[in-house]
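Trainee: Let me see the structure of the following:
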Amino acid sequence: MTATAPESLLRRTFSFPNPVNEKAARVVAGGVVAIATSALLLGRLVSTDWLWLSLPLALGFVARVLTGPTLSPLGRLATGVVAPRLGEPKLVPGPPKRFAQAIGVVVTGAATVAVALGQTGLAEVLLALIIVAAGLEAFLAFCLGCTIFGWLMRAGLIPEETCEACNNLALRA
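Mentor: Take a look at the predicted model:
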C-alpha cells in the first residue's frame, strides 16, 4: 500500500534525519548557547523578564525532536546556510542527537515552567545546565545526550536496533 501525498508529506515533515551532519548539530548548539546565555545574562543584569527566552528555546527543542531541522528556525539556519559553508559534512548517527534534543526539551521546558511560576533561581540553574551541555557540543564536539544514549544502550534500556552505529562509540569519534 503506497502512502498518499498528505501522508508522505507528514512522514517527511515529522521525521528526524539519520545520519546527522555533526557540523550542523554543533551550529545549532552554538545558537542555543547564545540564546540561553543572553537570557541568563540579561535576566541577571537587566531584569528577570528576559528569562522568557526559555520558551523559544523549549519550542525549538520540541520542533527539532519532532521534525529535525524542518520546523526549527535555528535548525534550518544551521543545515541550510551555515553548515554547508563549513566544508564536507561529518555524518554521525541520528538517534543519539534526537535523544539529546529531547533532554533539551525537558530542561528548557522545566525552565519555562519555573519562569511562569516565578521560580527565577531554578530557571537560571536550568538555563546554566543547557549552556554547559550545548557548549560542550558546540565548542568541543562532545554530545552529553549522545553519551547518555550510549550508556542507556549498553544498559539494555535502548534496543541495539535503534541505532547500530551508536553501539560503538568509537564510530562517532
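
Trainee: residues in contact with stretch 141-157?
Mentor: By C-beta atoms under 8 Å, 6 or more residues apart in numbering, the surrounding residues in contact with stretch 141-157 are 22, 25-26, 92, 95-97, 99-104, 133, 136-137, 158-160, 162-163, 166-167, 169, 172. C-beta: built from backbone N, CA, C; applies to glycine.

Trainee: how about a cut-off of 7 Å?
Mentor: 22, 26, 95-97, 99-100, 103, 133, 136-137, 158, 160, 166-167, 169 (C-beta atoms under 7 Å, 6 or more residues apart in numbering).

Trainee: Name the member of the residues you listed with the most neighbours.
Mentor: Highest neighbour count within those, by other C-beta atoms under 10 Å: Lys97, with 29 neighbours.

Trainee: close enough to count as contact, that residue and Ala25?
Mentor: Yes - counting by C-beta atoms under 7 Å, Lys97 touches Ala25, with 5.6 Å between them.

Trainee: Near Leu140, how many residues? Count them for me, please.
Mentor: There are 9 residues near Leu140, going by other C-beta under 10 Å.

Trainee: should've said Leu40
Mentor: 23.

Trainee: Pull up the gap between the most centrally placed residue in the chain and Gly87, please.
Mentor: Compute the mean C-alpha point of the chain, and by C-alpha atoms, centre = their mean the closest residue is Gln101, 3.2 Å away. Per C-beta to C-beta, to the nearest Å, Gln101 is found 24 Å from Gly87.

Trainee: that older thread, just flag the most distant two among the contacts of stretch 141-157.
Mentor: Pairwise distances among the contacts of stretch 141-157 were taken by C-beta to C-beta; the largest, 26.4 Å, belongs to Arg26 and Glu160.

Trainee: where does the protein dip in pLDDT?
Mentor: Residue ranges of the chain with pLDDT under 70: 1-7, 9-10, 48, 164-173.

Trainee: And Val28, how close does it get to Val81?
Mentor: From Val28 to Val81 the distance is 12 Å (C-beta to C-beta).

Trainee: more crowded one of those two?
Mentor: Ranked by neighbour count (other C-beta under 10 Å), Val28 and Val81 place Val28 first, with 30 against 11.
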